[in-house]
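Chemist: predicted model, plus sequence, below.
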Amino acid sequence: MILPAAIKADKIDKSDTTLLVFRGDYNYPPLEYLDENGQPAGFTVELMKAVSEVMGINMDIRLGPWYIVKEELQKGKIDGLIAMYQSKNREENFDFGTPYLYMYHSFFANKDNTFKNIENLDKLEQPVVILQNSSYLQQFVLSYNKNAKFIIVDTQVEALRLLAGNKYDFALLPSLQGSYLIDKYKLSNIKRIDQDLLPRGYGFALKKGDTLTMNRLNQGVEIIKANGKFDEIYNKWFGKYNENDFRQFFNKYLLLPLIIVVLAFILTIVAVFILRRRVFEQTRQLNLELSYRKKTEEQLKIQKERAEESDRLKSAFLANMSHEIRTPMNAILGFANLLGEEGISPEEQKEYTELINLNSKVLLELINDIIDVAKIEARQLKILKEPFQLNQFLNELYKVFSETLKRQEKNNIQLRLKIPESINEITLNTDSFRLRQILNNLLGNAIKFTHQGFIEFGYNISDDMLQFYVKDSGIGISEDKKELIFSRFRQVDESHTRNYGGTGLGLSISAGLIKLLDGDIWVDSASGKGSVFYFTIPFEQAEFIEKKPNPSTPKKINGLKILIAEDIIHNFQLIESFLKKENTHLLHALNGMEAIGIFQKNPDIDLVLMDIRMPVMNGFEALEGIRKINPDIPVIALTAYAMTDDLNKLKQAGFNDHIVKPVSREAFFEAIQAYA
């Protein structure tokens, strides 16, 4: 077949130089991945390059997150994917080429496990199998043992690491990837069960209806198979892990076993049948008696381990949270008491006040972090996109964290900002507040865990994604802690003797925000060798419109008559202090019913500030009563409810505006001046 294929290759029409854009998964080694230089590598990448060369196809191969590249093909933004296994559901959205590779799943177990093949799975009372979230794989295992239990994980790395802990029986993973990860992470106590299951055909996928490209690619695969190039690429990438193609699968698992089975069947069928019946009858009763006890013991064991781990994490979190709250509270209360003592100088008063404000901000940031986690979990956090100038934004961050290093006396750390030289400015359309929050967390961690050397941050542009990074020469992260750091309330060191503070919420919040921004985050680090945190967001450009300052002077609020409905006397006293120099007339109500009564007696009231949660009658009910008296009176909600849904309820109820507690002087005057 080599000669005819070669002749066809020589006669291929290579005049069509139209650029075809093909994408693939950037993290699926050894099939396809980004190498240490950020370039596409792997079996499928080299295969498609060989096909492009022999067919004269002008092809641009790029790699990215799988869910993004698959969606781009479905929306017709690219021409095809270099590799995807074929299924009935996917055939509704894509056209598939002839499979060029067959891949399989295998069971992985600890090396001392005597398990041989899946046909023996029903002999285990209640096997515990680790697998990625897949109902198809679960049904496959249950078809062999209906009592099987599952541990569901997000990644193949997590599955193998759990298996390495000797707590579970098996992991069911793709054979090639499992063998590759065992070799990469040196998991020497894990073996692959020598049995290939669930064969799947892999081939290129194209957008619907592109038959011309489909025919060219199919022909190219046939040519490189005939001239030996396919085998050369195959042996380079798969030879080490002995991944079988379909012909090897047939020779190993169908042809030879078929011959052996026929011979064995003829010689032993009667003896085996009699023996199995005797063993079955003798052991059936014993198995029934032991079955319930073993199932109960295994369930109790798993539940006990989970409960112990949950209790440990809960205790560690509560202890850490108590420490993080009490530390600034200790400073706030302590210096507040010192302010009340006699004989302190004005300089001391100023110093104590600054320390109280500083620790109050620390406490407020902690509360905001907890609220952000709750918003992300409840899917209440909204992304608000607006155009802004990216380089100017990053230069402002550089100035802020340069001052932070000076304030913390870390003069032996060099802060660097790297912006691509070819880019003067970019107008980016995304949520600048959340982007700043992400970079603040990453840069704050870099400063915390770096004692000398450098901290560098910047970005690069790849296709339609912006890739940001924060790099440091700090203490680094060990391999077994990399996935832990993105979990809520978890830290690398959770002991009482740990050297670094914090709640363990920053990276979890950052990961949640990046997901809401349609991006991804990962870390490259080693213990003692520093860290590089990368994250991506879509590159959406927009026209920048500079906001011109309002030339009008603030409205005067002297002489205003303001009704304040607030049941907490100290909150009223704070507002009273804000307005002390403004010559305003303040009326105070302790609940919503009292507020309506005061409003009826004082029709000349100019403005109402309304707390929401009050005894007797709440703020919503009081607003309704006041609107019946005067539907045009401005009413501003004064509330500690700050969730997006809560603020929407205020707007729907008819409040003109809102001021969120804790109230800052600037936000307070900005709100009421709009209605003066």
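Modeler: Looks like it arrived, so ask away.
Chemist: OK, contacts around Asn120?
Modeler: Taking C-beta atoms under 8 Å, 6 or more residues apart in numbering as the contact definition, Asn120 lies against nothing. Every residue, glycine included, has its C-beta placed from N, CA and C.
Chemist: checking my notes, it in a strand, right?
Modeler: No: using DSSP: H, G, I helix; E, B strand; the rest coil, the secondary structure at Asn120 is helix, not a strand.
Chemist: do you know how far it is from Tyr136?
Modeler: Here the criterion is C-beta to C-beta, to the nearest Å. By it, Asn120 lies 22 Å from Tyr136.
Chemist: please enumerate the strands of the stretch 501-650 of the chain.
Modeler: Per DSSP state E, counting those that start in this stretch, the stretch 501-650 of the chain has strands spanning 520-525, 531-538, 561-565, 585-589, 607-611, 635-639. These are given in chain order.
Chemist: and the contacts of the first one?
Modeler: Strand 520-525 is contacted from outside by 65, 476-477, 482, 485-486, 510-511, 514, 531-536, using C-beta under 8 Å, 6+ apart.
Chemist: and the last one, by the same measure?
Modeler: With contacts defined as C-beta under 8 Å, 6+ apart, strand 635-639 is touched by 564-566, 571, 575, 607-613, 619, 623, 626-627, 646, 650, 654-661, 663, 671-672, 675.
Chemist: report the strands that pair with that strand, each with its relative direction.
Modeler: For strand 635-639, sheet partners with direction are given as strand 607-611 (parallel), strand 657-660 (parallel), following DSSP bridges.
Chemist: what angle do the first one and strand 585-589 make?
Modeler: Put simply, strand 607-611 runs at 30 degrees to strand 585-589, going by axes from the mean of the first three to the mean of the last three C-alpha atoms, to 10 degrees.
Chemist: quick one, strand 607-611 and strand 561-565 angle?
Modeler: Put simply, strand 607-611 runs at 10 degrees to strand 561-565, going by the same axes, to 10 degrees.
Chemist: please report how far Phe401 lies from Ser432.
Modeler: Remark: distance between Phe401 and Ser432 (C-beta to C-beta) = 17 Å.
Chemist: likewise Gln673?
Modeler: Relative to Ser432, Gln673 is positioned 25 Å away (C-beta to C-beta).
Chemist: check Glu483 too.
Modeler: Taken as C-beta to C-beta, the spacing of Glu483 relative to Ser432 amounts to 29 Å.
Chemist: any stretches of the stretch 1-150 of the chain with poor pLDDT?
Modeler: 1-15 (pLDDT under 70).
Chemist: where do the helices sit along it?
Modeler: Taking DSSP state H, counting those that start in this stretch to define them, one finds helices in the stretch 1-150 of the chain at 2-10, 43-55, 66-74, 88-91, 135-142.
Chemist: mind checking which of the ones you listed is nearest Thr213?
Modeler: helix 43-55 (9.9 Å; C-beta to C-beta).
Chemist: which strands and helices sit next to that closest one?
Modeler: Contacting helix 43-55 under the criterion 3 or more C-beta pairs under 8 Å, 6 or more residues apart in numbering; DSSP states H and E are the following elements: strand 19-25, strand 32-34, strand 58-64, strand 80-85, helix 211-226, helix 229-238.
Chemist: name the nearest residue to the residue nearest to the spatial centre of the chain, sequence neighbours excluded.
Modeler: Central residue of the chain (C-alpha atoms, centre = their mean): Ala511, 4.3 Å from the mean position. Computed as C-beta to C-beta, 6 or more residues apart in numbering, the closest residue to Ala511 that is not its neighbour in sequence is Phe486, at 4.8 Å.
Chemist: higher neighbour count, Gln673 and Ser432?
Modeler: Ser432 (17 against 12; other C-beta atoms under 10 Å).
Chemist: give me the element the closest residue to the more buried one other than its chain neighbours is part of.
Modeler: Nearest-residue entry for Ser432: Phe388, 4.7 Å, with adjacent residues in sequence omitted and distances by C-beta to C-beta, 6+ apart. Phe388 is located in strand 386-389, with elements delineated by DSSP states H and E.
Chemist: what lines up beside that strand in the sheet?
Modeler: For strand 386-389, the pairing partners within the sheet under DSSP bridges are strand 427-430 (antiparallel).
Chemist: before we move on, the earlier item: reformat the strands of the stretch 501-650 of the chain as a markdown table; add mean neighbour count.
Modeler: As requested, the strands of the stretch 501-650 of the chain are exported to a markdown table (neighbours: other C-beta atoms under 10 Å):
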| stretch | mean neighbour count |
| --- | --- |
| strand 520-525 | 18 |
| strand 531-538 | 21 |
| strand 561-565 | 22 |
| strand 585-589 | 18 |
| strand 607-611 | 24 |
| strand 635-639 | 23 |
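Chemist: need the ones you listed in CSV with mean pLDDT, can you?
Modeler: Rendered in CSV, the data for the strands of the stretch 501-650 of the chain read as follows (pLDDT from 0 to 100):
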stretch, mean pLDDT
strand 520-525, 92
strand 531-538, 95
strand 561-565, 95
strand 585-589, 94
strand 607-611, 95
strand 635-639, 93
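Chemist: now the ones you listed in JSON lines, with distance to Asp369?
Modeler: As requested, those are exported to JSON lines (distance: least, C-beta to C-beta, whole Å):
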{"stretch": "strand 520-525", "distance to Asp369": "17"}
{"stretch": "strand 531-538", "distance to Asp369": "18"}
{"stretch": "strand 561-565", "distance to Asp369": "31"}
{"stretch": "strand 585-589", "distance to Asp369": "34"}
{"stretch": "strand 607-611", "distance to Asp369": "25"}
{"stretch": "strand 635-639", "distance to Asp369": "20"}
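Chemist: which of those sits closest to Asp463?
Modeler: With C-beta to C-beta as the measure, strand 531-538 is the member of the strands of the stretch 501-650 of the chain nearest Asp463 (10.2 Å).
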